[in-house]
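got a structure for you, letters missing:
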């Protein structure tokens, strides 16, 4: 019953967004300085920052974002820009729900995934190839994957504030040198509750990754 609540809520949240600009959105991620910000295409300030692993850029007319670089944060602001996803941040704080991957994505080895949040609810983990932008609610955040190239890989109750499990990368040449994006969503308790979207992390199945997760995970 708990997982059914989550699935029904996901269907409603992802299918209901109209794509209208100039709306208030909430997004979580790890803030960093983009290597090549598309300033001209987006009409964004040159000093715009980005959420790692996503196509979401951030600027602010009222807040200095630079002190938050490298941190997992949640922002609320206005969605602006015609040719890219640019959020004018009005408030910022620590992300309430975080996905962290540990270990590399070498074929036939596993990456450990840690989901960190309040616990006690039910979670779903999405794995995808491409980015997207589907705001769920101002309270809950935004789905950052493309539904057409992502799957709901796991859905289960949360055992506590940290949920840990391993993902094995199969020995399949078609999976080599790909970047997989991972994002989780949780709900409750009590159910039904607001969907809470996590930050996003990535696994790269290349040759320059740590083969398997270690004891530090």
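The structure has been received and is ready for your questions. Since we're looking at a predicted model, the values are computed, not measured.

is it correct that residue 130 is in contact with residue 149?
Yes: with contact defined as CB atoms under 8 Å, residue 130 reaches residue 149; the gap is 4.5 Å. To be clear about C-beta, it is placed using only N, CA and C from the backbone, and glycine gets the same treatment.

quick one, strands of the protein?
Taking DSSP state E as the test, the strands found in the chain are 24-32, 49-51, 56-59, 72-80, 85-94, 98-102, 110-116, 122-128, 131-137, 141-145, 150-157, 162-168, 179-187, 195-204.

and the angle from the fifth one to strand 24-32?
With axes from the mean of the first three to the mean of the last three CA atoms, to 10 degrees defining the directions, strand 85-94 sits at 80 degrees from strand 24-32.

picking that back up, quick one: closest of the strands of the chain to residue 65.
strand 49-51 (5.5 Å; CB to CB).

for the closest one, which helices and strands make contact with it?
Counting contacts by 3 or more CB pairs under 8 Å, 6 or more residues apart in numbering; DSSP states H and E, strand 49-51 is packed against strand 24-32, strand 56-59.

between those strands, which gets the lowest average pLDDT?
The stretch with the lowest mean pLDDT among these is strand 56-59, at a mean of 90.

burial measure for the closest residue to residue 23 other than its chain neighbours, as a count.
Spatial nearest neighbour of residue 23, excluding adjacent residues (CB to CB, 6 or more residues apart in numbering): residue 79 at 5.4 Å. Counted by other CB atoms under 10 Å, the residues lying close to residue 79 total 20.
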